[in-house]
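**Student:** Build me a model from this:
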Amino acid sequence: MFKTGATSETALYRLMAWLSPAYPTGAFSYSHGLEYAVETGRVATAGALIDWVATVVEAGAGRVDAALFAAAWRAAEQGDDAALDEAVALAAAWRSSAETALESTAQGSAFLSVTAKAWPHPALLQLATRHRDQVPLSAVVGAACAWHGVPLATAVAAYLQAFAANLVSAGVRLIPLGQTDGQRAVAALEPVIARATEAALAADLDSLGTSSPLLDWCSMKHETQYTRLFRS
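**Tutor:** This next block holds a predicted model:
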């Protein structure tokens, strides 16, 4: 479905490792506001979960983060530190709530720390130094993929799939749903990820935007939710 260049076994191995649920970024502890949506009955079925995650990916944070992932990848691939730093700054600023800012930066910092040790690259260390280890997840994964030879389209699609799958996993636990329903949701989101990948590759940062006020509102309401399992 995705148009990608040839992926070497080494690059593919690293991409799968970095975006695995087992990679220690703490992704499992974030619901991106979904916990509040479930609490209030807005998301109560597998179908509603699919619609929610699709909206996050195509109209919410996924739309922006995928475009900035691509911008960071291109800047890193060209060795343009100024452009990469701009992508990092935009990724940090483009947050709708305190919790989504934490979600992005905490995971990015964890990814940077682990990857710089397990898959060291001089540019990763330079990025960490310039930003004091505080780099949003989308920007640092995009840059790391470029430095390690992972093709852009493949990297963007994998990043979005991992993001969507993590939200589905949160929904399976929260609603709750069975594991089969969770995998049906992941399968149903395949064309959504394909469209979002194509949009990210063609995005113009000067005209980029989102339109997901309910998602943002749920994230803000989650900040004061009485009982919480997730950090966002």
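**Student:** residues in contact with Val141?
**Tutor:** Residues counted as contacts of Val141 (C-beta atoms under 8 Å, 6 or more residues apart in numbering) are 18-19, 69, 108, 111, 155, 159. In short, each C-beta sits where N, CA and C put it, glycine included.
**Student:** what's the spacing between it and Asp51?
**Tutor:** 26 Å (C-beta to C-beta, to the nearest Å).
**Student:** Repeat that for Val64.
**Tutor:** 19 Å.
**Student:** the more surrounded of these two?
**Tutor:** Legend: neighbour count by other C-beta atoms under 10 Å for Val64 and Asp51, higher for Val64 (23 against 14).
**Student:** which of the residues in the helix or strand encompassing the more buried one are buried?
**Tutor:** Using DSSP states H and E, Val64 sits in helix 61-78. Across helix 61-78, burial judged by 16 or more other C-beta atoms under 10 Å covers 61-77.
**Student:** Can you list the helices and strands that that helix packs against?
**Tutor:** Identification of packing neighbours for helix 61-78 by 3 or more C-beta pairs under 8 Å, 6 or more residues apart in numbering; DSSP states H and E yields helix 81-93, helix 98-118, helix 137-147, helix 152-174, helix 190-202.
**Student:** and the shortest one, average pLDDT?
**Tutor:** If I follow you right, that is helix 137-147. The average pLDDT for helix 137-147 rounds to 97.
**Student:** Give me the distance between that helix and the centre of its chain.
**Tutor:** Remark: helix 137-147 is offset 11 Å from the chain centroid, using C-alpha atoms, centre = their mean, to the nearest Å.
**Student:** ok, now the last one?
**Tutor:** Averaging C-alpha positions (C-alpha atoms, centre = their mean) puts helix 190-202 13 Å from its chain's average.
**Student:** Name the next helix or strand downstream of it, please.
**Tutor:** Next element after helix 190-202 (DSSP H and E): helix 213-222.
**Student:** packing partners for that following helix?
**Tutor:** Using 3+ C-beta pairs under 8 Å, 6+ apart, helix 213-222 sits against helix 34-39, helix 46-59, helix 98-118.
**Student:** contacting residues for the most centrally placed residue in the chain?
**Tutor:** In the chain, the residue lying closest to the centroid (C-alpha atoms, centre = their mean) is Phe163, at 4.7 Å. Going by C-beta under 8 Å, 6+ apart, Phe163 touches 56-57, 62, 65.
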